[in-house]
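Student: Return atomic coordinates for the entry below.
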Amino acid sequence: MLADRVKKIKPSPTLAMDARAKAMKAQGLDIVNFGVGEPDFDTPEHVKEAAIKAIRDGFTKYTPVGGIDELKEAIIEKFKIDNNLEYTKEEILVSCGAKHSLYNIAQALYAPGDEVIIPSPYWVSYPDQVLLNDAVPVFLSTYEEDNFMLRPEVLESKITKKTKAIILNSPSNPTGLTYDRKTLQAIAEIALKHNIYIISDEIYEKLVYDDIEFVSIASLDKEVKNKTIVVNGLSKSHAMTGWRIGYAAGPKDIIKAMTNIQSQSTSNPTSIAQKAAVAALTGPQDFISIMHAEFDRRRKFLVDGLNSIEGVRCLKPTGAFYAFPNISKLYGKKAGERRVDSSLDMAMYLLEDARVALVHGEAFGNDAYIRISYATSMENIDKGLERIKEAMSRLK
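Tutor: Numbering: from 1, shown residues only. Predicted structure coming up:
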């Protein structure tokens with residue numbers, strides 16, 4: 001008999017769609033995959049070389065649970081340079097990806113019945129990680145007309161005596177929004193007033209466009225920093241999704257608790273990947289600007305293409321590598337005998353009839369949208385757009 005907690009969650013919809021698209025491709029079908037949330041660039045050569053050297057040097061044993069000092073020092077330096085934040089090694093925990101960092105936070109902070117505020121649309125794993133720890137996700141709707149930024153007055157209305165934390169994701173998956181300093185300041189003031197924690201997922205920090213300023217909420221002042229756990233990693237910034245290196249920075253007592261939890265689950269992140277991460281953080285960073293420029297080019301092309309489709313409306317994202325078009329005007333229409341009444345209907349129609357894989361907005365908390373990743377080649381984006389346009393034109 002399975003534990004009740006397992007019944008509360010479902011498989012990751014993004015990973016499920018990616019797996020389905022890859023299975024169809026393996027059958028010989030020509031699938032354009034807009035579903036996956038990982039850079040299509042290769043890991044930089046100097047990072048791979050650092051890993052190879054670690055293997056040859058025999059750096060293949062257990063390390064300290066929370067990460068090697070060399071890597072912690074590199075992370076501390078990164079925070080100092082990029083975010084004007086000061087941390088000690090006792091305030092840093094290296095884990096097996098940012099998702100693991102977030103789960104460690106959930107285990108350390110959430111008690112049964114605690115409420116965790118999650119702005120919607122949200123990354124698919126936030127609610128399930130809350131549920132797995134017997135806490136209660138409280139969704140706070142955000143709107144296209146506000147660029148999907150939460151309204152501070154609505155945030156305050158959601159806070160109760162049971163509220164433990166709020167999860168922020170900037171830049172956002174799936175919407176691509178990037179919070180501005182003024183809104184972050186308002187959120188921080190409310191969090192301090194009600195003594196709730198801020199969990200700030202900043203994994204897309206390096207992918208911000210249009211001269212938008214990226215602000216880590218923890219950098220606003222010392223009081224805010226003391227109530228914030230920052231989560232980041234190398235998957236998106238250095239094309240290292242498979243290396244599984246993420247990290248968290250926060251108050252010493254919380255990081256210590258998270259480290260104890262990690263010691264009883266995964267122990268240390270892979271020794272070899274840790275050495276690669278040191279090279280990623282301390283070595284040449286020109287790779288990031290090259291990748292950023294290409295993502296920016298794709299972003300503009302994709303959004304312009306989506307907005308040229310009748311019935312589709314898409315904000316230009318200011319961060320990450322996702323477009324989040326509103327397709328609700330197409331609901332209730334049919335192509336032959338196939339009727340589209342939801343984002344899942346649209347996703348399945350486009351996969352099965354147009355051979356384009358993407359993720360339905362319902363998985364992210366808003367059924368009016370679909371998520372399209374532009375972490376793929378311009379050739380694929382062009383081909384996928386043409387297929388989407390043709391398929392949507394058939395909906396009458």
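Student: so what's Val224 closest to, chain neighbours aside?
Tutor: Ala188 (4.5 Å; CB to CB, 6 or more residues apart in numbering). Bear in mind the C-beta positions are built from the backbone N, C-alpha and C, glycine included.
Student: helix/strand/coil for that neighbour?
Tutor: Secondary structure state of Ala188, per DSSP: H, G, I helix; E, B strand; the rest coil, is helix.
Student: Pull the contacting residues for it.
Tutor: Ile198, Ile217, Leu220, Asp221, Val224 (CB atoms under 8 Å, 6 or more residues apart in numbering).
Student: so the second one makes contact with Ile229?
Tutor: No: counting by CB atoms under 8 Å, Ile229 is not a contact partner of Ile217; they are 10.6 Å apart.
Student: which residues are in contact with both of those two?
Tutor: Common contacts of Ile217 and Ile229 (CB under 8 Å, 6+ apart): Ile198, Ser200.
Student: Mind splitting this protein into its structural domains?
Tutor: Following automatic domain parsing, one finds the domains of the chain at 4-42+287-393, 61-282.
Student: who does the helix or strand containing Ser101 touch, helix- and strand-wise?
Tutor: In the assignment (DSSP states H and E), Ser101 maps to helix 98-109. In terms of contacts (3 or more CB pairs under 8 Å, 6 or more residues apart in numbering; DSSP states H and E), helix 98-109 is packed against strand 92-95, helix 125-132, strand 197-201, strand 228-233, strand 246-249, helix 252-263.
Student: contact partners of that helix?
Tutor: Under the criterion CB under 8 Å, 6+ apart, external residues in contact with helix 98-109 comprise 93, 95, 125-126, 129-130, 132-133, 135, 164-165, 197, 199, 201, 203, 229, 231-233, 235, 244, 246-248, 254, 257-258, 261-262, 266.
Student: and with 6 Å instead?
Tutor: Outside of helix 98-109, the residues within contact range by CB atoms under 6 Å, 6 or more residues apart in numbering are 95, 129, 133, 199, 203, 229, 231, 233, 246, 248, 254, 257-258, 261-262.
Student: Can you check what angle separates that helix from helix 125-132?
Tutor: 30 degrees (axes from the mean of the first three to the mean of the last three CA atoms, to 10 degrees).
Student: mind checking how far the next helix or strand after helix 98-109 is from the chain centre?
Tutor: Helices and strands here follow DSSP H and E; after helix 98-109, the next one along the chain is strand 115-120. Offset of strand 115-120 from its chain centre (CA atoms, centre = their mean, to the nearest Å): 15 Å.
Student: re the thing from before, how far out from the middle of the chain is the helix holding Ser101?
Tutor: Offset of helix 98-109 from its chain centre (CA atoms, centre = their mean): 14 Å.
Student: ok and that helix relative to strand 197-201, angle-wise?
Tutor: In terms of direction (the same axes, to 10 degrees), helix 98-109 departs from strand 197-201 by 170 degrees.
Student: what's the average pLDDT for helix 98-109?
Tutor: Per-residue pLDDT values over helix 98-109 give a mean of 98.
Student: and it, which residues are buried?
Tutor: Neighbour-count burial for helix 98-109, with 16 or more other CB atoms under 10 Å as criterion, is recorded at Ala98, Lys99, His100, Ser101, Leu102, Tyr103, Asn104, Ile105, Ala106, Gln107, Ala108, Leu109.
Student: Could you do stretch 382-389 as well?
Tutor: By neighbour count, and taking 16+ other CB under 10 Å as the criterion, the buried residues in stretch 382-389 are Lys383, Gly384, Leu385, Arg387, Ile388, Lys389.
Student: quick one: which two of these are the most distant?
Tutor: Lys383 and Lys389 (11.0 Å; CB to CB).
Student: Find the nearest non-adjacent residue to the residue nearest to the spatial centre of the chain, please.
Tutor: Among the residues of the chain, the one closest to the centroid is Asn173, at 4.8 Å (CA atoms, centre = their mean). Using CB to CB, 6+ apart and skipping the chain neighbours, the partner closest in space to Asn173 is Trp123 (4.8 Å).
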